[in-house]
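Trainee: Sequence first, then the predicted structure:
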Amino acid sequence: IAEMRDGRLVLAGDYYKKQTRVALKNSGLIDPKNIDDYIAFDGYRALEQVLSEKSPKDVIDLMTEANLRGRGGAGFPTGRKWNEAYGIEADQKYFLCNADEGDPGAYMDRNILENDPHAVIEGMAIGAYAVGASQGYIYVRAEYPVAVKMLRIAIEQAREYGLLGKNILGSGFDFDLDLRLGSGAFVCGEGTALMESIQGNRGMPRMKPPRTSHKGLWQKPTILNNVETLACVPIIFQKGAEWFRSIGTEKSPGTKVFALVGKVENAGLVEVPMGMPLNEIVNDIGGGVTNGKALKAVQTGGPSGGCIPLDLMDTPVDFESLAKIGSIVGSGGMVVMDEDTCMVDISRFFLEFTVDESCGKCTPCRLGTRRMMELLDKITEGKGTLDDLDDLEQLAKDIQKSSLCALGQTAPNPVLSTLKYFRSEYEDHILNHKCSAGVCRSLTAYEIQEDTCKSCGICKKNCPVNAITGDKKAEIPFVIDQEACIKCGVCYQDCPFDAITK
């Protein structure tokens, strides 16, 4: 089921033949509770090589050459980040792992933590050696109990084997790890908010500068990388920077793990070379849209990303290409939408998430996103005006420019992208009081067709609010009272004769 191509493992089969496993290389192949399994697959070989043969500057130079960019969303070059902390003198430095995966439908980091925790620990140890950190923390959400369990086992095993703690492998390098459990606040995925949470404070972002590489956790130089980024570090040292750059694109080398979800046949985690066109991921790997429906859009980057229309499905999935069309790679969420999706409702859905998760520290995010929600509510209820679209767009741009952290700065992305590519749907809601997808309840009506109704009475019996009146013996047996109808769709779903239209 697998073969080696150009020094990397490629899995066979329809689902795997276009995937390339780097971050997920050990997932499903080793027992995550057994450190010997990880070592048998060359685990901790990179750490031993680094500590015995390379100086901290050598490590940073190799990471810079490989151009591994952060997989947590921002895409910042890892070598540059490590170099910033390396050049600062301090009595204490910290190295952190961001495992606070909060995007709806995303579980890339969870998979790595549950199936290959030692890869993350090894990556952290290498990074800590490079920057001179002696203490690390993995900030993982408490909703991941299996991941937490695996990490605790792996940390204890690494200590027993002398791979964490004092004088690692006799090199004189000291580094130890602890876990910190998050309570599920999306904003704690932002670096400074995460550090505030570790310190025991409310998770709220700080002003920058100073950057966290200068003054981070407890005002000491701190480096923060996400799970997937760290999982790529050991294999880069095993196979070299040139090998890593041979995958992906020139500016976005390597692979990226995506959580392919939504209206797609083969939903699940996929790891593909950066630069693979979006339609290949959705159609060739994902197997296309479910139930024979037509593809309408793909949303990348979670609630901070944008919605990409059908005519842009040839776009390569990398940091630069997605940014050009108003979306982002983000941490790796990829939601497939079919023809029955209302893009106005989708933008409202993602914005509602960020409104709920805003920490409230800065006014543009706290109040601006709520004002955007009010406008979207107005439009989905059929009460909007064309002026509301101009206000929505201007407000979104102002929030992007003035919010304190990335949560607020990216919150308008789903709205702006749908306004750009699906503006006609907004206008249809406003001018025609119509939701063509039949999703927005205020703009939807159910009607019983006389010519196909068989007077069985199932619709009347199952209506939860008694909005269907009539009698089997009447000339027109059943009628839906539109004022009483709550648009739940129970009658539409339960009618055995398809006599109810939406």
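Mentor: Nice, I can see it. Numbers count the residues shown, from 1 in each chain.

Trainee: rest of the way, CA atoms for contacts and neighbours
Mentor: OK.

Trainee: how's this structure carved up into domains?
Mentor: Following the TED database, the chain resolves into domains at 24-246, 252-432, 445-501.

Trainee: tell me the helices in the stretch 401-502 of the chain, going along the chain?
Mentor: Read by DSSP state H, counting those that start in this stretch, the stretch 401-502 of the chain holds these helices, from start to end of the chain: 406-410, 413-421, 423-431, 458-462, 490-494.

Trainee: which secondary structure elements does the third one contact?
Mentor: Going back to what we said before, that points to helix 423-431. Counting contacts by 3 or more CA pairs under 8 Å, 6 or more residues apart in numbering; DSSP states H and E, helix 423-431 is packed against helix 343-357, helix 369-380, helix 386-402.

Trainee: residue contacts, the residue lying closest to residue 259 once chain neighbours are set aside?
Mentor: Nearest non-adjacent residue to residue 259, counting by CA to CA, 6 or more residues apart in numbering: residue 269, 4.7 Å away. The neighbourhood of residue 269, defined by CA atoms under 8 Å, 6 or more residues apart in numbering, consists of 107-108, 257-260.

Trainee: Would you mind giving the domains of the chain as JSON lines with distance to residue 17 and mean pLDDT added?
Mentor: Shown next, in JSON lines, are these (distance: least, CA to CA, whole Å; pLDDT from 0 to 100):
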{"stretch": "domain 24-246", "distance to residue 17": "14", "mean pLDDT": "95"}
{"stretch": "domain 252-432", "distance to residue 17": "8", "mean pLDDT": "94"}
{"stretch": "domain 445-501", "distance to residue 17": "39", "mean pLDDT": "88"}
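
Trainee: Kindly reformat those domains as TSV containing distance to residue 18.
Mentor: Written out in TSV, the entries for these read as follows (distance: least, CA to CA, whole Å):
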stretch	distance to residue 18
domain 24-246	14
domain 252-432	7
domain 445-501	39
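
Trainee: that's a strand at the residue nearest to residue 259, yeah?
Mentor: Yes - counting by DSSP: H, G, I helix; E, B strand; the rest coil, one finds residue 269 located in a strand.

Trainee: How much space separates it from residue 282?
Mentor: 12 Å (CA to CA, to the nearest Å).

Trainee: Quick check: neighbours shared by those two?
Mentor: By the contact definition CA under 8 Å, 6+ apart, residue 269 and residue 282 are jointly contacted by residue 260.

Trainee: how long is stretch 430-445 end to end?
Mentor: For stretch 430-445, the first-to-last residue distance is 17 Å (CA to CA).

Trainee: I'd like to check what contacts it. Which residues are they?
Mentor: So stretch 430-445 is contacted by 339-342, 345, 379-386, 425, 428-429, 482, 486-487, 502 (CA under 8 Å, 6+ apart).

Trainee: Name the residues of that stretch that are buried.
Mentor: Going by neighbour count (16 or more other CA atoms under 10 Å), the buried part of stretch 430-445 is 430, 433-440, 442-444.

Trainee: can you check stretch 385-396 too?
Mentor: 385, 388-389, 392-393, 395-396.

Trainee: Can you classify the nearest residue to residue 83 once chain neighbours are set aside as helix, strand or coil?
Mentor: Spatially, and ignoring its direct neighbours in sequence, residue 83 is nearest to residue 60 (6.4 Å; CA to CA, 6+ apart). Residue 60 carries the three-state label helix when classified by three-state DSSP.

Trainee: just the one 5 residues further on next, same as before
Mentor: When states are read from three-state DSSP, the local structure at residue 65 comes out as helix.

Trainee: Could you check how far it is from residue 87?
Mentor: Separation of residue 65 from residue 87 (CA to CA): 18 Å.

Trainee: got it, and residue 472?
Mentor: Noted for residue 472: a distance of 84 Å to residue 87, by CA to CA.

Trainee: And the pLDDT at residue 7?
Mentor: The predicted local confidence for residue 7 comes out at a pLDDT of 58.

Trainee: Mind checking which of the contacts of stretch 430-445 are buried?
Mentor: Neighbour counting by 16+ other CA under 10 Å classes 341-342, 345, 379-385, 425, 429, 486-487 among those as buried.

Trainee: tell me which residues in stretch 32-41 are buried?
Mentor: Under the neighbour-count criterion of 16+ other CA under 10 Å, stretch 32-41 has 32-33, 35, 38 buried.
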